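1. Kindly return the folded structure for what I paste below:
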Amino acid sequence: MLLGKAKAAAAATGALATGLVGVIVLGTYAASGAPAANSNTPGLSSRSVPAAFQPLIEQWGTLCPEISPPMLAAQLYQESGFDPAARSPAKAYGLAQFLEGTWASYGRDGSGDGKADIWNAADAIASAATYDCALAKDVAKVPGDHQANLLAAYNAGPYAVIKYNGVPPYKETQGYVRNIKSLAVSFTAPAVGSSLAMSAQSAGAIYYAQRTLGTPYLWGGNGWASQDGRFDCSGLTQAAFASVGIELPRVANDQWNSGPHPSRDQLRPGDLVFFATDQGDPRSIDHVGIYVGGGYMINAPHTSAVIRYDSIDRAKYFGATRVTPDGAVALPVRNSEGAITGSGQGTVRS
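-> The predicted structure is shown next:
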């Protein structure tokens, strides 16, 4: 779990060590039971999180006014990719990536089994929300956007936020706040009757993909000259959006969170359409295409086939994403072994 950000903060103010003390001394947020639902709090977008975690994130995401279910989901996704068994080289563990020392102060029994287990997803979700609200309490008197101040405290430590009377002028911290807020959009359910703005880059991405029609599929293909310009499904979508200046991750299920999720009747050309083996778990996404309208997508389907137009109406259809530049930038990064290592902001866990 992130706490006390920043080499820059520590060098500039010495706030890191002080911030650690401040979190423990100033702000242990204690709730006597499960949080009550708030009808004004934004809900989670359909299928944006694993079904097993959705009620827990919706419940604990209302623990205090400064957090929301989409924000909590964004943090958990960025920390571990919703993997309860995640381990980091910094010895941060579980779904919320707590260090054992921080867990000792903030670990909470969210499952009701009488113990706080760092590997238990229900406990980790409850503890992440508890920790967020402790930080919110620490910086409650700081003016401005209270959620931004909480996120800055999560990244840089509360004393840095208090010192600068808001989000401190550290590139890492400002990037962290911006990324979590952007990523939270992917997890937010659209308001009833609302419509999503068209992607400004959609036409360019489609144009690129159309030029690959008829090209033989290649597993692991990125379109390189050494691969004779061949692609697999996520290689094609990555290259299509790179052609319009948006860098997507290489893996289809990571591309899922690169923007908001339009419903089937809200699909527009340029949306990414996804397919999964488990309709309740975005981690099972194993295929992606580029929607072109009329129920069809440009699809790099499988070995021995060519890139072609295909219908999206199939049993494994999972949902869609309207890619945005901010959403793509906010996505966490993975190491060579496929484990999430953070947002690329050089995060320091404590």
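2. From now on I want contacts and neighbour counts done on CA atoms only, so please keep to that.
-> OK.
3. Gly235 contacts Asn222, correct?
-> Yes - between Gly235 and Asn222 there is a contact under C-alpha atoms under 8 Å: 4.8 Å.
4. what do the two both touch?
-> Among the neighbours of Gly235, none is also in contact with Asn222 (C-alpha atoms under 8 Å, 6 or more residues apart in numbering).
5. I'd like to know how many residues surround Leu72.
-> Number of residues near Leu72 (other C-alpha atoms under 10 Å) recorded here: 24.
6. What helices and strands are in contact with the helix or strand hosting it?
-> Using DSSP states H and E, Leu72 sits within helix 69-80. The helices and strands touching helix 69-80, judged by 3 or more C-alpha pairs under 8 Å, 6 or more residues apart in numbering; DSSP states H and E, are helix 54-60, helix 121-138, helix 171-186, strand 340-342.
7. Just name the most buried of the ones you listed.
-> Neighbour counts (mean count of other C-alpha atoms under 10 Å) averaged over each of those peak at helix 121-138, with a mean of 26.
8. the inter-axis angle of that helix versus helix 69-80?
-> 110 degrees (axes from the mean of the first three to the mean of the last three C-alpha atoms, to 10 degrees).
9. Mind giving me the packing neighbours of helix 121-138?
-> Helix 121-138 packs on helix 15-26, helix 54-60, helix 69-80, helix 100-106, helix 146-156, going by 3+ C-alpha pairs under 8 Å, 6+ apart.
10. Give the ranges of residues in the protein that sit below the confidence cut-off.
-> Along the chain, segments meeting pLDDT under 70 span 1-40, 192-194, 335-339, 341-350.
11. Same question for the strand ranked longest in it: list its buried residues.
-> For the chain, the strand with the greatest residue count under DSSP state E is strand 285-293. By neighbour count on 16 or more other C-alpha atoms under 10 Å, the buried set for strand 285-293 is 285-292.
12. do the same with stretch 162-170
-> Neighbour counts over stretch 162-170 (16+ other C-alpha under 10 Å) mark 162, 166-168, 170 as buried.
13. okay, how far is it across it, tip to tip?
-> Using C-alpha to C-alpha, to the nearest Å, the end-to-end distance of stretch 162-170 comes to 14 Å.
14. Same check on stretch 315-325?
-> End residues of stretch 315-325 are separated by 30 Å (C-alpha to C-alpha).
15. who touches it?
-> 47, 198-199, 246, 256-264, 267, 270-277, 279, 285.
16. what angle do the helix holding Leu72 and helix 171-186 make?
-> Here helix 69-80 points in a direction 120 degrees away from that of helix 171-186 (the same axes, to 10 degrees).
17. and the angle for helix 69-80 with helix 146-156?
-> Going by the same axes, to 10 degrees, helix 69-80 makes 10 degrees with helix 146-156.
18. Moving C-terminal from helix 69-80, which element do we reach first?
-> Heading C-terminal from helix 69-80, the first helix or strand you meet, by DSSP H and E, is strand 92-93.
19. Just the buried ones out of the contacts of stretch 315-325, please.
-> Counted by 16+ other C-alpha under 10 Å, those give 47, 246, 256-262, 267, 270-277, 279, 285 as buried.
20. Among those, which ones are in strands?
-> In strands, judged by DSSP E, the following of the buried ones among the contacts of stretch 315-325 are found: 272-276, 285.
21. which pair in these spans the largest distance?
-> Spanning the widest gap among these are Leu272 and Ala276, at 13.3 Å by C-alpha to C-alpha.
22. For Ile180, see how far away Tyr170 is.
-> Using C-alpha to C-alpha, Tyr170 is found at 16 Å from Ile180.
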